[in-house]
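Student: sequence-free structure coming up:
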């Protein structure tokens with residue numbers, strides 16, 4: 001059976017929370033930050049690509065250069 005890095009990471013993240021549950025009578029867990037979600041569509045920073053992409057004319061305005069110097073108009077790099 002092939003092992004995937006995401007499975008190992010998820011397993012470890014669960015086992016790392018076990019000490020918090022053992023200490024729960026004395027301590028309260030205030031915040032948890034999952035910094036790596038392999039198959040959740042996120043990268044290492046937690047950014048989920050494609051969730052805020054503009055559509056229609058807004059997409060063209062965001063991606064295509066207009067009214068710039070000669071040779072750049074119509075390109076997608078400025």
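Tutor: Nice, thanks for sending it over. The shown structure was predicted, so the numbers you read here are calculated from the model rather than taken from an experiment.
Student: what's the neighbour count on the nearest residue to residue 43 once chain neighbours are set aside?
Tutor: Leaving aside its chain neighbours, residue 43 sits nearest to residue 49 (7.2 Å; criterion: C-beta to C-beta, 6 or more residues apart in numbering). Heads up, the C-betas are built off the backbone N, CA and C, glycines and all. Residue neighbour count, defined by other C-beta atoms under 10 Å, stands at 9 for residue 49.
Student: try residue 65
Tutor: Residue 65 has 14 nearby residues by other C-beta under 10 Å.
Student: go on, residue 44?
Tutor: Quick note: residue 44 (other C-beta under 10 Å) scores 9 neighbours.
Student: Checking it next. Helix, strand or coil?
Tutor: At residue 44 the chain is in coil, as set by DSSP: H, G, I helix; E, B strand; the rest coil.
Student: For it, give me phi and psi.
Tutor: Taking degrees, to the nearest 10, you get phi -70, psi -20 for the backbone angles of residue 44.
Student: Done for today, thanks.
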